[in-house]
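with the sequence up front, the predicted model follows.
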Amino acid sequence: LNAEYMGEKRRNEIFIEILNKLANTDIRDIDSVINMIVDNITELLDADRCTLFLVDKERHCLTSKIARKAGATEILVGIGQGIAGTVALHGETLNIENAYEDPRFSPETDKRIGYTTQTILAMPIKDHTGTVVAVTQVLNKKEGIFTTEDEDMLRYFSLFAGISLSNARLYEFVVQSGNQAMELFQASTGTVTRRASTANFYGLVPRKDEVMSYQSIMLSAQEISDLHSPLFDVHNFSLHTSSHKSVVPMIIELFSSLGYMDKFKIPLDIMYRFLICVKKKYRMVPYHSITHAFDVTQTMYLYIETCGARQLLKDFDCFVLLVSCILHDIDHMGLNNSFHFRAETPLGVLSAASGATSVLEVHHCNLSIELLSIAECNIFGGLDEEQSREAFKTLISNVLATDMARHKEYLDRFRELASTGYDVENLEHRRLLSAMLLKAADISNVSKPFDISRMWGICMTEEFYFQGDVEKQKGVDVTPNFNREQKVELAKSQLGFINFVVMPMMELMSSTLLPGLSFYRDNLEKNAQQWEEILALQAGGMASRSPSANVMKSSPR
């Protein structure tokens, strides 16, 4: 009894010591708070290691940069997946005596790091509202299994840890938001300064061996020929294929073909690092992935080289325009601006507080500035000071223009410019034309050959359904046509987008300053006709016998 009493007394002493440390941890450094929580939970429960997973509401997953004794590799876990994901979803503790006998446990991490997980105690950390903000996953009790006393001790500690963690994340969010707002303002006014922090690209800048692996990819003569054609099928290089890494040398081929690698003094290794970083930062969402960015970039190359844009812009404008294509949707979550406002995500809250409406576009601009402030990835590094200022201002102007909520505004401005006269020496004229070209390339998927365009339509529909699923989980109203239980006719949605959004824009641009775009306008008409034929077949009761129509009626997944 005396030994039991002394053991309990020591645990209480340790607990008080840990709470004292927690109370004195500087919340201005969230990494210190996380490290303190992880280290002290491991000590408190006499365990081998502990991982703290933070809830990422925007990506609907858990993230962790901390895995003691397992290196600093970031771990991503979907909500509802694995042990930690299950705890995050249900908000309940899991105490597992034999990990490998639990069907929710995935042994992949063990295999990767050469570790054997035996016992697990996973518990949610909640904020003052009861919302799960993190999950602690404690592994391998040094003696025996995790007990109910361990659960109680961890639960008490988690109450205090949740407060510290929430305060630290709130502080970090406010500081980052202020810095990003200032840097975006500086960039848009041409007073860019190098960032002190590039946390969003932590661990993403490739090492020499990774760069060399991309440099070893050799494009065939046929691939290069296809790349320069308007019939190029980008889906052959999507993330679901074994050729997805080829997008990096292919983009470099486009820049080289236009002479921009030499003209703007871009070292090859820096270009590779920039593109590899970008590729990693795009997410695996159905539509707004690196495949979409590559498609927009290849389309812009054709606008520049074969449709007359190069005669209306300076080479500098075209160079920045291609860079804008690569970056314009970086880190897109597959969720639109409206969702961020309605679900009150951190990005939505910040935008609402600042009065901005282009939630995602501002986010893409911020990340672009951050990436280009990393010396190893700065493809603007060969520009002089004046060019660098103009490059950032034009990049931001281009990306902000892709907000479809401002679509009519840009069409009206371009119509007025075309009627009053375009002057290639006028910077504002060139900037507006650049923005319009990026907008056209951004929604050009419906102007591609029908089979390619149809695949893009399926990808977009699946992303709409993905947002609808998240909206249901968040308890907000599901956006019309985003409910996967109410199958939307793809033919009807594609026709509406062509006739009311893309065709008016393409007709305006091709009938005024850019007649070379008539190829894409004609393709739009052909695609619209095919979609109308599919709708007619469906209306006539023949849909079940039409392969194309069957695809339209099935789930886009």
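Nice, thanks for sending it over. Numbering: from 1, shown residues only.

next, residue 50: phi, psi?
Per-residue torsions, residue 50: phi -150, psi 140 (degrees, to the nearest 10).

number of residues surrounding it?
25 (other Cβ atoms under 10 Å). The way it works is simple: take the backbone N, C-alpha and C, and place the C-beta from them, glycine included.

show me where this protein has strands.
47-56, 61-64, 75-78, 94-96, 120-126, 132-141 (DSSP state E).

among those strands, which comes closest to residue 359?
strand 47-56 (16.3 Å; Cβ to Cβ).

avg pLDDT for the closest one?
For strand 47-56, the mean per-residue pLDDT is 82.

partner strands of that strand, parallel or antiparallel?
strand 61-64 (antiparallel), strand 132-141 (antiparallel) (DSSP bridges).

nearest to residue 298, of those?
Per Cβ to Cβ, nearest to residue 298 of the strands paired with strand 47-56: strand 61-64, 30.3 Å.

what does that closest one contact?
For strand 61-64, the external contacting residues (Cβ atoms under 8 Å, 6 or more residues apart in numbering) are 51-56, 74-79, 84-85, 88, 135.

residues near residue 89, how many?
Count around residue 89 with other Cβ under 10 Å applied: 16.

surely it touches residue 79?
Yes. In this structure, residue 89 is within contact of residue 79 by Cβ atoms under 8 Å, at 5.3 Å.

so, low pLDDT: which residues of the protein?
Confidence mapping of the chain against pLDDT under 70 gives the ranges 1-37, 57-59, 65-75, 127-129, 156-199, 349-356, 541-557.

quickly note the distance from the residue most central in space within it to residue 540.
Note on the chain: the residue nearest the mean C-alpha position is residue 331, at 2.0 Å, using Cα atoms, centre = their mean. The gap separating residue 331 from residue 540 is 45 Å, by Cβ to Cβ, to the nearest Å.

now the helices for the stretch 1-150 of the chain?
With DSSP state H, counting those that start in this stretch as the criterion, the stretch 1-150 of the chain has helices at 2-23, 30-44, 82-90, 108-113, 148-188.

can you list contacts of the third one?
Right, the one you point to is helix 82-90. Outside helix 82-90, the residues touching it (Cβ under 8 Å, 6+ apart) are 51, 53, 55, 61-62, 77-80, 93-94, 96, 99, 102, 104-106, 120, 122-124, 132, 135, 137.

do that again at 7 Å, thanks
53, 55, 62, 77-80, 94, 96, 104-106, 120, 122-124, 132, 135, 137 (Cβ atoms under 7 Å, 6 or more residues apart in numbering).

CA atoms only: put it into CSV for me.
Provided in CSV are the C-alpha atoms of helix 82-90 (Å, rounded to 0.1, in the frame of the first residue of the first chain):
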residue,chain,number,x,y,z
GLY,A,82,-7.1,4.9,-38.8
ILE,A,83,-7.0,5.2,-35.0
ALA,A,84,-6.4,8.9,-34.8
GLY,A,85,-8.9,9.7,-37.6
THR,A,86,-11.6,7.7,-35.8
VAL,A,87,-11.0,9.5,-32.5
ALA,A,88,-11.2,12.9,-34.4
LEU,A,89,-14.5,11.9,-36.0
HIS,A,90,-16.3,10.6,-33.0
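
quick check: angle from that helix to strand 47-56?
50 degrees (axes from the mean of the first three to the mean of the last three Cα atoms, to 10 degrees).

how about helix 82-90: buried residues?
For helix 82-90, burial by neighbour count (16 or more other Cβ atoms under 10 Å) applies to 82-89.

same deal with the fourth one?
For helix 108-113, the buried set under the neighbour-count rule, 16+ other Cβ under 10 Å, comprises 109-110.

chain center to that helix, what's the gap?
26 Å (Cα atoms, centre = their mean, to the nearest Å).

which neighbouring elements make contact with it?
Using 3 or more Cβ pairs under 7 Å, 6 or more residues apart in numbering; DSSP states H and E as the contact test, no helix or strand touches helix 108-113.

return that helix as PDB; C-alpha atoms alone will do.
Below are the C-alpha coordinates for helix 108-113, written out as PDB (Å, rounded to 0.1, in the frame of the first residue of the first chain):
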ATOM      1  CA  GLU A 108       2.100   1.100 -43.100                       C
ATOM      2  CA  THR A 109       3.800   3.700 -40.900                       C
ATOM      3  CA  ASP A 110       5.500   1.000 -38.800                       C
ATOM      4  CA  LYS A 111       6.800  -0.600 -42.000                       C
ATOM      5  CA  ARG A 112       8.100   2.700 -43.300                       C
ATOM      6  CA  ILE A 113      10.000   3.600 -40.100                       C
END
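
ok, the residue nearest to residue 319 when sequence neighbours are not counted to residue 305 distance?
Among residues not flanking residue 319 along the chain, residue 260 sits closest, at 4.9 Å (Cβ to Cβ, 6 or more residues apart in numbering). Look at residue 260 and residue 305: by Cβ to Cβ, they are 12 Å apart.

show me which of these two is the more surrounded one.
When neighbours are counted by other Cβ under 10 Å, residue 260 and residue 305 differ, and residue 260 comes out ahead with 21 against 16.

is it true that the more buried one touches residue 321?
No. Using Cβ atoms under 7 Å, residue 260 makes no contact with residue 321, being 10.6 Å away.

returning to that earlier point: drop anything exposed from the contacts of helix 82-90.
For the contacts of helix 82-90, buried by 16+ other Cβ under 10 Å: 53, 55, 62, 77, 79, 94, 96, 104-105, 120, 122-124, 132, 135, 137.

list just the nearest of these to residue 528.
residue 79 (40.0 Å).

backbone phi and psi for that closest one, please?
Torsion angles, degrees, to the nearest 10, at residue 79: phi -60, psi 130.

ok now do it, which residues does it touch?
60-62, 85, 88-89.

in these, find the pair that's most separated.
Going by Cβ to Cβ, the pair spanning the contacts of residue 79 furthest: 61 and 89, at 11.2 Å.

so residue 96 bridges to which residues?
Beta-bridge partners recorded for residue 96 (DSSP bridges): residue 120.

that one reaches residue 102, doesn't it?
Yes. Counting by Cβ under 7 Å, residue 96 touches residue 102, with 5.1 Å between them.

before we move on, the earlier item: columns distance to residue 528 on top of the contacts of residue 79, output as a markdown table?
Shown next, in a markdown table, are these (distance: Cβ to Cβ, whole Å):
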| residue | distance to residue 528 |
| --- | --- |
| 60 | 36 |
| 61 | 39 |
| 62 | 44 |
| 85 | 44 |
| 88 | 45 |
| 89 | 43 |
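
going by distance to residue 342, which of these wins?
Among the contacts of residue 79, and counting by Cβ to Cβ, the member closest to residue 342 is residue 60, at 15.3 Å.

how about that closest one, what does it touch?
Residues near residue 60 by Cβ under 7 Å, 6+ apart: 79, 470.

go again with 6 Å.
Neighbour list for residue 60: residue 79 [criterion: Cβ atoms under 6 Å, 6 or more residues apart in numbering].

how far away is it from residue 485?
Distance from residue 60 to residue 485, by Cβ to Cβ: 19 Å.

for residue 530, see how far away the nearest residue to residue 107 once chain neighbours are set aside is.
Counting by Cβ to Cβ, 6+ apart, residue 100 is the residue found nearest to residue 107 once chain neighbours are left out, at 6.6 Å. Distance of residue 100 to residue 530, given as Cβ to Cβ: 53 Å.

between the two, who's got more neighbours?
Neighbour count, other Cβ under 10 Å: between residue 100 and residue 530, residue 530 has more, with 17 against 11.
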